[in-house]
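Enquirer: Pasted the sequence and its predicted model underneath.
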Amino acid sequence: MDVLEQTTTINVTDAALAVVRKLLVEKNVPDYGLRVFVAGGGCSGLQYGMALEAEARPYDNVVERDGVKVFIDPTSMMYLTNATIDYEDSIMGGGFKIDNPNAVSTCGCGTSFKTSDSAGAASGGCSSCG
């Protein structure tokens, strides 16, 4: 299997690593990794997604830090280069947050964004965040 080993930069904070580790233990899948991806949709044209997966797919970028693996497909990596994956816990609830320097605009929901390359994409407005 062709897997790209950390050829581009994705940063993962200690808080995000701790939550992923906890999820892997809770789900009883300690050897899995976190898949982070970008898909079309959302109120700004693109949206982030995450899932736990057993192993990297062919051509994935794999970032490993302190025993936690993050898998990112090549297309998503184009949008996520130099992004930081964090986890924020607040009184209103916690969640993963991606600080993406490639995003030229984001929606209030925090999961939808637009890049300069996707600037012409239709957007549904923040009311479509869900």
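Expert: Yep, it's here.
Enquirer: from memory residue 10 sits against residue 85, does it?
Expert: Yes: when contacts are counted by Cβ atoms under 8 Å, residue 10 is listed as touching residue 85 (6.8 Å). C-betas here are computed from N, CA, C, even on glycine.
Enquirer: Common neighbours of these two, please.
Expert: By Cβ atoms under 8 Å, 6 or more residues apart in numbering, residue 10 and residue 85 have these common neighbours: 36, 70.
Enquirer: So which residue is smack in the middle of this structure?
Expert: By Cα atoms, centre = their mean, the chain has its centre lying nearest to residue 36, at 3.7 Å.
Enquirer: Which parts of the protein are strands?
Expert: Applying DSSP state E to the chain gives strands spanning 4-5, 11-12, 33-40, 46-53, 61-65, 68-72, 84-90, 93-99, 103-106, 112-115.
Enquirer: can you list those in TSV and add distance to residue 19 and mean pLDDT?
Expert: Below are these laid out as TSV (distance: least, Cβ to Cβ, whole Å; pLDDT from 0 to 100):
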stretch	distance to residue 19	mean pLDDT
strand 4-5	24	48
strand 11-12	10	92
strand 33-40	10	92
strand 46-53	11	91
strand 61-65	13	92
strand 68-72	10	95
strand 84-90	5	90
strand 93-99	7	86
strand 103-106	21	64
strand 112-115	21	53
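Enquirer: which one of the ones you listed lies closest to residue 18?
Expert: Comparing those against residue 18 with Cβ to Cβ, the closest turns out to be strand 84-90 (7.4 Å).
Enquirer: the longest helix in the protein is where?
Expert: helix 14-26 (DSSP state H).
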